[in-house]
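Novice: Build me a structure from this.
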Amino acid sequence: MAELSSLLSELNKAQKEAVEYFGSPLLISAGAGSGKTRVITYKIAYILKKLNYIPFNILALTFTNKAANEMRERVEQLTGLNGNSLWISTFHSFGLRILKKEKREREQIIVIDRADAKSLLSEIITRLKKDIPKTEIKKVINSIANLKKKGIISLERDILVNYLYADYIDIFIEYQKELEKKHAYDFEDLIVKAYQLLNKNSEIRDKYKKQFKYILVDEFQDTSPEQYKFLKTLITDGNICVVGDEDQSIYSWRGANMDIFLDFPEDFPDTKIIRLEENYRSTKIIIDSATEVIERNTKRIGKSMFTQKEGGNPILLFNGRNKEDEAAFIAQYISDNKETTDFFPVGILYRVNSRSRAIEDALTYTGINYKIIGSLSFYDRKVVKDLSAYLRLAFNEKDDVSFLRAIQAPNRGVGNKTIEKIKENSFINKISYYESLKKLSEDKILKSKKISDFISLIELLKDELYHNSIAAVIQLTVEKTGYKQYLEKSGDRFNTQWENVQELLEIADKFQGDIIDFINTLVLRQTTENISETAKVLLLTIHAAKGLEFNTVILAGSEEGVIPHIMSKDSRDRLEEERRLFYVAMTRAKKRLIMTSQNEWSNFIYSIPSTHLYYIS
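Specialist: Take a look at the predicted model:
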């Protein structure tokens with residue numbers, strides 16, 4: 001553990017000022033690659049060592065578990081303290097921690113994701129006999145999520161009628177009742193219910209305000225109004241430091257409001273603003289070009305980014321006849337440079353997922369190995385949801401959503417008629433689907449050996465959860481269900497699926513906590529948290545690439561109608577967000593930046609300084 005003076009000597013002037021400043025609210029406007037994570041972690045270490053706070057007194061919030069884990073590990077290295085003693089987490093995990101701690105009668109609460117919410121809503125719609133097609137369920141989910149993002153979880157119809165379609169009101173009320181019955185929370189609940197708990201209970205609120213003597217928030221530009229309200233219940237005496245970059249605010253579609261960042265000095269008039277403007281990631285050519293783009297935006301605090309990395313490779317532009325021509329160029333360019341020093345890793349970024357198919361085909365044809373980072377989070381992957389369903393059902397036999405998944409993965413010959421019989425018996429006797437299955441089996445109404453084996457397995461897992469490790473219980477589930485053989489029948493996807501099983505076992509083996517903490521941690525994991533550090537070529541959206549960096553970035557689809565997206569053309573705010581998205585893509589590049597487009601759609605729109613460009617045709 002280094003001495004404090006030695007630690008501070010590693011910082012530049014602006015970083016050091018940000019670490020040492022206290023006395024009023026602090027807003028750090030940190031440009032891309034300017035070392036903001038270093039500043040946050042060093043500031044935490046400074047508080048612990050110089051101000052002699054204990055870890056219990058510090059709250060640090062960010063937006064991904066990956067960022068929280070990285071922050072925790074860096075503080076451990078700087079201070080020698082056990083990272084588990086620190087309150088470092090995402091907003092959602094922090095809300096869950098508050099709810100678990102304070103709602104003692106519901107200590108074992110479960111978090112459900114969008115897929116589980118969809119299954120539950122489908123059940124409710126069927127039960128209520130609502131004439132809503134399956135294709136509209138996503139719209140129902142989004143309506144409920146947007147309602148909760150406004151802080152509304154009331155069951156009063158007079159209130160709900162102002163926010164929901166009439167057909168959705170009964171569904172929402174029943175959905176909330178089902179969540180209450182299952183001791184379950186969806187993502188939005190973790191923020192809004194935690195906020196309401198603190199806002200309404202002054203004793204609990206004052207306890208946490210007293211505990212957290214200093215609060216730090218990373219990626220503050222991505223904060224939503226409800227998260228900000230939640231945060232403000234804990235702030236006292238200017239004990240807040242927020243860090244972010246208004247030029248990288250790209251999640252308005254997810255509820256983030258950049259105005260919260262820009263208006264922070266107005267909310268706290270004595271706010272100190274410090275700008276981190278030195279970029280340590282990219283070459284001067286890349287930084288100058290990205291700056292040329294982002295300075296066209298009007299909604300900014302403003303920064304003058306610079307770097308000590310003079311010169312650099314010229315930015316390359318390629319315009320193809322069509323998307324296949326563009327994809328062929330990308331594949332050939334990578335192939336031609338596979339022996340080039342510092343060429344890998346390569347990030348192939350795109351605005352829309354549909355752009356990846358032609359690129360995948362070209363890479364495969366050229367013999368280039370790649371990994372695609374899709375829109376599914378780790379928990380959303382089939383094998384993770386399948387095996388988690390067994391764990392959840394073993395822990396809580398009233399979990400009907402998990403029952404419906406587990407009973408059919410692997411398939412046990414349980415068809416729609418059998419499922420309807422289980423549901424009908426459940427409704428008549430007011431019991432869960434699993435209890436209904438047991439009753440029907442005991443009464444010899446359902447006599448299948450596969451069903452009796454399923455019941456025996458769940459009863460075995462119930463016992464094993466209390467006497468064995470989580471990894472051992474998952475391994476037992478895999479063996480007893482013949483899950484590997486089940487996956488082998490899936491054909492050419494077996495290797496990928498089986499890798500996910502092994503990854504789940506590895507996560508479980510390292511996990512410290514109970515089964516519910518484990519399941520909730522899986523649900524809250526983010527899309528890009530499992531990217532292999534050894535992957536040489538990655539395909540992913542620009543949104544998923546935020547926070548990552550690559551020696552070489554290839555930005556595919558750099559044409560009007562794609563980026564900026566055609567839906568943004570009539571809105572200045574949306575156009576400025578598209579420009580921020582483009583800026584994020586450019587600043588992922590450390591050494592090389594290549595932009596490709598094709599004539600099948602439209603022409604390249606952005607004007608980059610011509611002295612920095614070579615055009616390839």
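
Novice: which SS state does Ser597 fall under?
Specialist: Judged by DSSP: H, G, I helix; E, B strand; the rest coil, the three-state class of Ser597 is strand.

Novice: thought it was touching Glu326?
Specialist: Yes - in this structure, Ser597 sits in contact with Glu326. The criterion is C-beta atoms under 8 Å, and the distance is 6.9 Å. For every residue, glycine as well, the C-beta is placed using N, CA and C.

Novice: Overlap in contacts, the two.
Specialist: Common neighbours of Ser597 and Glu326, counting by C-beta atoms under 8 Å, 6 or more residues apart in numbering, are 318, 320, 557.

Novice: Glu326 is in contact with the first one, correct?
Specialist: Yes - under the criterion of C-beta under 8 Å, Phe318 is in contact with Glu326, at a separation of 7.0 Å.

Novice: out of the two, which sits in the busier spot?
Specialist: Glu326 (25 against 22; other C-beta atoms under 10 Å).

Novice: Quick check: closest non-adjacent residue to Ile44.
Specialist: The shortest distance from Ile44 to any residue other than its chain neighbours is 5.2 Å, reached at Val75 (C-beta to C-beta, 6 or more residues apart in numbering).

Novice: For the one you found, I want the exact helix or strand it lies within.
Specialist: When elements are defined using DSSP states H and E, Val75 is found to belong to helix 65-79.

Novice: how many neighbours does Pro314 have?
Specialist: Based on other C-beta under 10 Å, the number of other residues close to Pro314 is 16.

Novice: again with Gly151
Specialist: Gly151 is flanked by 18 other residues according to other C-beta under 10 Å.

Novice: Can you pull the phi and psi angles for it?
Specialist: phi 90, psi 20 (degrees, to the nearest 10).

Novice: what about it, distance to Ala327?
Specialist: Distance of Gly151 to Ala327, given as C-beta to C-beta, to the nearest Å: 45 Å.

Novice: Contact partners for Gly413?
Specialist: When contacts are counted by C-beta under 8 Å, 6+ apart, Gly413 touches 448, 450.

Novice: That one: what secondary structure?
Specialist: Classification of Gly413 by three-state DSSP places it in coil.

Novice: The longest helix along the chain: which residues count as buried?
Specialist: The single longest helix within the chain, with elements called by DSSP state H, is helix 449-467. Across helix 449-467, burial judged by 16 or more other C-beta atoms under 10 Å covers 451, 454, 457-458, 461, 464-465.

Novice: neighbours around the nearest residue to Ser304 once chain neighbours are set aside, how many?
Specialist: Nearest residue to Ser304 in three dimensions, chain neighbours excluded: Glu277, at 5.6 Å (C-beta to C-beta, 6+ apart). Close neighbours of Glu277, defined as other C-beta under 10 Å, add up to 16.

Novice: again, but for Leu7
Specialist: Other residues within reach of Leu7, judged by other C-beta under 10 Å, total 19.

Novice: What of Cys241?
Specialist: A total of 27 residues lie near Cys241 under the criterion other C-beta under 10 Å.

Novice: next one: Asp270
Specialist: A count of neighbours around Asp270, defined by other C-beta under 10 Å, yields 9.

Novice: Next: the one 3 residues further on.
Specialist: The local packing of Ile273 (other C-beta under 10 Å) involves 12 other residues.

Novice: a strand runs through it, doesn't it?
Specialist: Yes - with three-state DSSP as the criterion, Ile273 is located in a strand.

Novice: if I look at it, how far off is His467?
Specialist: The span separating Ile273 from His467 equals 56 Å under the rule C-beta to C-beta.

Novice: for the stretch 401-550 of the chain, what spans make up the helices?
Specialist: Taking DSSP state H, counting those that start in this stretch as the criterion, the stretch 401-550 of the chain carries its helices at 416-429, 433-442, 449-467, 470-481, 483-488, 494-510, 515-524, 542-545.
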